[in-house]
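S.K.: Below are the sequence and a predicted model; questions follow.
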Amino acid sequence: MAEFSSRIENLRGMTPQDRRAAVARAANMSDADQIALSGADGLPQTLADGMIENVIGKYELPLGVATNFTVNGRDYLIPMVTEEPSVVAAASYMARIARGCGGFTTSSDAPVMRAQIQVLRPGDPHGARQRLLSARDELIGMANQRDTVLIGLGGGCKDIEVQVFDDTPVGPMVVLHLLVDVRDAMGANTVNSMAETLAPRVAEIARGEVRLRILSNLADRRLVRARVEITPEALKMDRFDGDDVAQGIVEACTLAIIDPYRAVTHNKGIMNGIDSVVVATGNDWRAIEAGAHAYAARDGRYSSLSRWERGAGGELVGTLEMPMALGLIGGATKTHPAAQAAIRLLGVRTAQELAEVTAAVGLAQNMAALRALATEGIQKGHMTLHARNIAILAGAEGGEVDRVAGAIAAAGEVTVQRAAAELARLRD
Ligand SMILES: CC(C)(COP(=O)([O-])OP(=O)([O-])OC[C@H]1O[C@@H](n2cnc3c(N)ncnc32)[C@H](O)[C@@H]1OP(=O)([O-])[O-])[C@@H](O)C(=O)NCCC(=O)NCCSC(=O)C[C@@](C)(O)CC(=O)[O-]
Ligand SMILES: NC(=O)C1=CN([C@@H]2O[C@H](COP(=O)(O)OP(=O)(O)OC[C@H]3O[C@@H](n4cnc5c(N)ncnc54)[C@H](OP(=O)(O)O)[C@@H]3O)[C@@H](O)[C@H]2O)C=CC1
């Protein structure tokens, strides 16, 4: 078989059916996966009914595929679910630039999650802490008694930490953290069960009362990192010198580092890419969002999750580091047929690999937004693609959508009023 390439020429010019066929050919996708990704039978009603409560239907979103990604020397086609125009195009474009410069490089920690056990009213909180730490081996052993599959895979509870809060509105408090390697799971249920199992023994040792037993979504022991290095020549745009673009990106990022008002928007741009993959693969996007923003504020001030700087040779170097609690097992990842097909399309073999590829998509998305913001502004590219939404809003149907969108984008007036006027002219 020819080597797999994430570069598919003119994907954008095809119909959705033809795109699906082209992606299927490139990724050697099965017919069943093609059907699942088409949405035709993405989530049967009976399955949906089994997933949440009081189901009355299903809610659809578009699934696109970002092309051109090379991560750690391997090509990936990226399934992305989002309602926002220009996100998939932007990721594909930056991945195209990046692949010409060697692509993205990533790394990640072992998939270690935290569970917290809150102990109230310990008579001697610091004594309780030391007793708990002395019982480390007993507690780890107890935690690992129940999850035989996880232990067999090399996961399980690896360590504990204990924190003391001396002065709280409800008195002194001790909080025990279980550090659990959850392998290919997101791990919430896994660690919650362990925490509940251990709680009575923890209360006994700490001589207090246990209240909460729940994972922490601040997955700071499960960090993922992505890096990209781009030559200034690769950043050259019509009216902009590559060196100016690189410098503009660095200066744009600086505001996000020092100013929370900008950092939130900057990080939202990163999450445009990350959430799209998280949703496509059936993962818990609230968990990823919560962890990302808490990590962005870890120094007591909300800041940028990424950094853009110039290397010694003038190259643009982008880096991203953030928690990434993603699974290939558990939650909806295994039950949702389209999520399963999306995971197969990605071709990732472990949850860590999924986390790393997802981080690369986040970094690409960030680069696209900064490149646009630092040069021509966001509206040109974004609004050109948003023009199709506006055309639909104005009543355009079928082939009218692209014609009206093209007309209002060319006029530089992406408004419903102008779209309605163009539609009326077209129908005359
Ligand atoms: C939108 C582009 C990519 C256009 O950019 P362009 O220069 O018009 O693109 P192009 O026509 O030269 O095409 C270049 C490549 O882009 C891709 N591409 C281009 N168009 C399409 C399309 N229709 N469908 C599919 N792919 C497309 C495609 O990969 C293509 O190469 P190919 O593979 O074809 O050889 C560019 O202007 C851009 O990257 N803009 C930034 C868009 C963006 O960041 N959107 C996110 C939403 S805005 C937001 O929510 C976040 C924000 C901005 O607030 C965050 C922040 O503030 O930091
Ligand atoms: N705050 C939050 O974020 C919360 C999130 N959730 C939800 O929890 C769900 C995710 O829970 P999660 O624990 O990941 O899923 P599951 O409990 O569904 O699956 C994890 C279990 O699968 C088994 N398993 C089989 N193969 C593997 C493997 N290769 N790697 C790891 N485990 C394997 C293990 O169980 P065994 O050893 O027993 O067979 C493991 O405990 C999501 O739906 C999330 O929305 C729930 C509560 C809170």
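M.R.: That came through fine. Ligands and ions are numbered 1, 2, ... in the order given.
S.K.: Going along the chain, name the helices of the stretch 1-150 of the chain.
M.R.: Along the stretch 1-150 of the chain, the segments classed as helices by DSSP state H, counting those that start in this stretch run 16-27, 31-38, 45-51, 87-99, 125-134, 136-143, 148-152.
S.K.: Any residues of the chain in contact with ligand 2? List them.
M.R.: For the chain, the contact set with ligand 2 under Cβ under 6 Å from any ligand atom comprises 147-150, 153, 155, 182-190, 192, 215, 217, 284, 287, 327, 329-331. Placement of C-beta: from N, CA and C, glycine included.
S.K.: Quick one, grab the pLDDT at the residue of the chain found nearest ligand 1.
M.R.: Residue nearest to ligand 1 within the chain: G381 (1.9 Å; Cβ to the nearest ligand atom). Looking at G381, its pLDDT is 84.
S.K.: which SS state does it fall under?
M.R.: Three-state call for G381 (DSSP: H, G, I helix; E, B strand; the rest coil): helix.
S.K.: Also Q417?
M.R.: Here Q417 takes the helix state, with states given by three-state DSSP.
S.K.: now it: how far from ligand 2?
M.R.: For Q417, the distance to ligand 2 (Cβ to the nearest ligand atom, to the nearest Å) stands at 43 Å.
S.K.: Could you number the chain from 752 rather than 1 from now on?
M.R.: Happy to do that; since the first residue is 752 now, the last one works out to Q1168.
S.K.: ok, now how distant is that residue from A1142?
M.R.: Separation of Q1168 from A1142 (Cβ to Cβ, to the nearest Å): 12 Å.
S.K.: Likewise for L884?
M.R.: Using Cβ to Cβ, we find L884 at a distance of 64 Å from A1142.
S.K.: of these two, who's got more company?
M.R.: The neighbour comparison of L884 against A1142 (other Cβ atoms under 10 Å) goes to A1142, with 28 against 14.
S.K.: Who's the closest spatial neighbour of the more buried one, skipping the chain neighbours?
M.R.: Excluding its sequence neighbours, the residue lying closest to A1142 (Cβ to Cβ, 6 or more residues apart in numbering) is V1155, at 3.9 Å.
S.K.: quick one, what contacts the residue lying closest to A1045 once chain neighbours are set aside?
M.R.: Distances taken as Cβ to Cβ, 6+ apart place L969 nearest to A1045, at 4.6 Å, with adjacent residues excluded. Applying Cβ atoms under 8 Å, 6 or more residues apart in numbering to L969 gives the contacts 865, 1041-1042, 1045-1046, 1074.
S.K.: circling back: of the helices of the stretch 752-901 of the chain, which stretch is the most buried?
M.R.: helix 838-850 (a mean of 24; mean count of other Cβ atoms under 10 Å).
S.K.: For N1034, what are phi and psi?
M.R.: Backbone torsions of N1034, given as degrees, to the nearest 10, read phi -90, psi 170.
S.K.: Okay, it and V832: tell me how far apart.
M.R.: From N1034 across to V832, the span is 11 Å (Cβ to Cβ).
S.K.: of these two, who's got more company?
M.R.: N1034 (28 against 22).
S.K.: For the residue most central in space within the chain, which non-adjacent residue is closest in space?
M.R.: Nearest residue to the geometric centre of the chain (Cα atoms, centre = their mean): I1025, 2.5 Å. In space, I1025 comes closest to G1113 once its chain neighbours are excluded; the distance is 4.2 Å by Cβ to Cβ, 6+ apart.
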